[in-house]
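[1] Quick one: sequence plus predicted model below, questions after.
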Amino acid sequence: MTAVSSDQPHRIDPSGGCPHARNALLRTHGAVAPVVLPDDVQGMLVLGHDALKEFLGHSDVAKDARHFTALAEGRIPAGWPLRTFATVRGMTTADGEDHRRLRSLVSRAFTARRIEALRPRVEALTDELLDGLASAARDGDGVADLRTHFALPLPMGVICELFGVDAEFRDTLHRLSSEVVATNISPARAVAANQEMVSVLAQVVAARVREPGDDLTSALLAAHEADGDRLSREELIGTLILFVVAGHETTLNLITNAVRALCAHPEQLALVREGAAGWPDVVEETLRWDSPVSYFPFRYPTRDLTVDGTQIPKGTPVLAGYSAAGRDPAAHGPDADRFDVTRALPGRHLSLGHGAHYCLGAPLARLEATVALERLFTRFPALDLAVREEELPVNASFVGNSVRELPVRPGPDTHQG
């Protein structure tokens, strides 16, 4: 980790890496930091908890890329690895009435009642995947990749069932999602991945046009057909991209990071087993301590804006530093770097956003992660990492925050014998 100068913008490594040491250094110079993004694009990072909360809720901060000065002036190449985050049509790049219109079309699928109704399916899928994890460990001399066999297929299966995505598309969509969030991808591959994602989701839409079902894609299509100006085809595809990528990548990272944290802190797992904390507490502390999203693109000030004493010029692309805010000592105390499942956390972390763009799928992510962790550690009480934590390969992205593989030794299976 190189030193951070207060005079020079910090160049963010496109290959990702663990963000926490970098965040600690950046915070020594303030809650807002100038950064250099891939292809020498100038940006800003908001990494203090209070500063980020203020920025996310500010009335003079927009999500629509028409406010992105360098993009509007044609200075952002087509193959820029972060371009999809700025230009995809959907809730994450809409403001005001457009945002409310798009959000209202899908919010009915994410009510507390609808999410709770999904619990039996989440539990059943979790148990099926635990059978697969046990089988993979038997075939692998006691070792299996928990990310591949469990943390990935659970949220991917749930979100695809919710949106009526046929099983034949799921592996392809995960591969493309990983490429969309990668920040070290080549320009040619970035363009190709985006085009392929649109093509695959167009096939999903076509399948639901032919055979409508009790799924959200069919419901969105019905809204489109009934009132075409409410949801354009581009917005429909953009909405699917949002939910396929965000709906499984973040929960995948959340489950993976929680398992890593518990294996590295067995005393915290013991507190849960003793009843001193619950599985929902594990989920909230993981969201704070090792956010599944590190730096999320983009927001743009619609005028020169001063946040925590630092000016952010109008039209600057700004990253939301969720991993940094989660360990901000000013908000979480001098032990903010410590994983502690007994913290009183409600409303005290920002890892699922804040304000009008608060994560619509937050209740579903919490349900999936809570069910997954409880059933995993109940069935495999001796589960542990199969390699040292420092040997785990990190994601090639500064957007997503996790590892590419999580080899574990599940140990004795309580379902056997």
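    Yes, it's here.

[2] mean confidence score for stretch 359-370?
    For stretch 359-370, mean pLDDT is 93.

[3] Stretch 277-297: end-to-end distance?
    34 Å (Cα to Cα, to the nearest Å).

[4] May I have the residues that are in contact with the residue nearest in space to the middle of the chain?
    When Cα atoms, centre = their mean is applied to the chain, the residue found nearest the centroid is residue 250 (2.9 Å). Applying Cβ atoms under 8 Å, 6 or more residues apart in numbering to residue 250 gives the contacts 292, 293, 359, 365, 400. (Each C-beta comes from the backbone N, C-alpha and C, glycine too.)

[5] Closest one of these to residue 187?
    residue 400 (19.8 Å; Cβ to Cβ).

[6] The closest one: neighbouring residues, count only.
    25 (other Cβ atoms under 10 Å).

[7] number of nearby residues for the nearest residue to residue 237 once chain neighbours are set aside?
    Leaving aside its chain neighbours, residue 237 sits nearest to residue 201 (5.3 Å; criterion: Cβ to Cβ, 6 or more residues apart in numbering). Using other Cβ under 10 Å, residue 201 is surrounded by 23 other residues.

[8] In which helix or strand does residue 201 reside?
    Residue 201 belongs to helix 187-210 when elements are defined using DSSP states H and E.

[9] again, but for residue 123
    helix 119-139.

[10] returning to what we had before: may I see the contacts of residue 250 arranged in JSON lines, with secondary structure and distance to residue 215 as well?
    Shown next, in JSON lines, are these (DSSP: H, G, I helix; E, B strand; the rest coil; distance: Cβ to Cβ, whole Å):
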{"residue": "292", "secondary structure": "coil", "distance to residue 215": "25"}
{"residue": "293", "secondary structure": "strand", "distance to residue 215": "26"}
{"residue": "359", "secondary structure": "coil", "distance to residue 215": "21"}
{"residue": "365", "secondary structure": "helix", "distance to residue 215": "19"}
{"residue": "400", "secondary structure": "strand", "distance to residue 215": "26"}
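
[11] Out of those residues, flag the one nearest to residue 384.
    For the contacts of residue 250, the nearest to residue 384 is residue 292 (21.8 Å; Cβ to Cβ).

[12] can you pull the pLDDT of that closest one?
    Reported pLDDT for residue 292: 95.

[13] so it makes contact with residue 402?
    Yes: contact criterion Cβ atoms under 8 Å: residue 292 and residue 402 qualify, at 6.5 Å.

[14] Show me whatever sits in contact with both of these two.
    Joint contacts of residue 292 and residue 402 (Cβ under 8 Å, 6+ apart) are 252, 253, 257.

[15] if you look at those residues, which of them are in helices?
    252, 253, 257 (DSSP state H).

[16] quick one: which of those residues is nearest to residue 216?
    Checking those against residue 216 with Cβ to Cβ, the nearest one is residue 252 at 19.7 Å.

[17] buried stuff in the helix or strand containing the residue nearest to the centre of the chain?
    Taking DSSP H and E as the definition, one finds residue 250 inside helix 233-264. Buried residues in helix 233-264, counting neighbours by 16 or more other Cβ atoms under 10 Å, are found at 235-263.

[18] What is the burial count for residue 65?
    Residue 65 has 19 nearby residues by other Cβ under 10 Å.

[19] For residue 365, see how far away the residue nearest to it when sequence neighbours are not counted is.
    Among residues not flanking residue 65 along the chain, residue 86 sits closest, at 4.3 Å (Cβ to Cβ, 6+ apart). For residue 86, the distance to residue 365 (Cβ to Cβ, to the nearest Å) stands at 24 Å.

[20] For this structure, which residues score under the pLDDT cut-off?
    1-7, 223-231, 345-347, 417 (pLDDT under 70).

[21] buried set for the helix or strand encompassing residue 158?
    Using DSSP H and E, the element containing residue 158 is helix 153-163. Neighbour counts over helix 153-163 (16+ other Cβ under 10 Å) mark 153, 154, 155, 156, 157, 158, 159, 160, 161, 162, 163 as buried.

[22] Same check on stretch 27-47?
    The neighbour-count check on stretch 27-47 (16+ other Cβ under 10 Å) flags 27, 29, 31-35, 37-38, 41, 43-47 as buried.

[23] now do the same end-to-end measure for it.
    7 Å.

[24] ok, now stretch 308-316?
    Terminal residues of stretch 308-316 are spaced 16 Å apart (Cα to Cα).

[25] Can you name the residues in contact with it?
    The contact list for stretch 308-316, computed with Cβ under 8 Å, 6+ apart, reads 30-33, 42-44, 48, 50-51, 54, 67-70, 72, 300-306, 318.

[26] Could you list the buried residues of it?
    310, 312, 315, 316.

[27] rewinding a little: if we only consider the buried residues of helix 153-163, which is nearest to residue 210?
    Using Cβ to Cβ, the buried residues of helix 153-163 come closest to residue 210 at residue 163, 15.7 Å.

[28] What spatial separation is found between that closest one and residue 156?
    To residue 156, residue 163 is 11 Å away according to Cβ to Cβ.

[29] So residue 39 sits against residue 83, correct?
    No: Residue 39 lies out of contact with residue 83 (Cβ under 8 Å); the separation is 9.9 Å.

[30] Show me the common contact partners of those two, please.
    Common neighbours of residue 39 and residue 83, counting by Cβ under 8 Å, 6+ apart, are 76, 77.

[31] which parts of stretch 9-19 are buried?
    9, 10, 12, 14, 16, 17, 18, 19.

[32] farthest-separated two in these?
    9 and 18 (20.6 Å).
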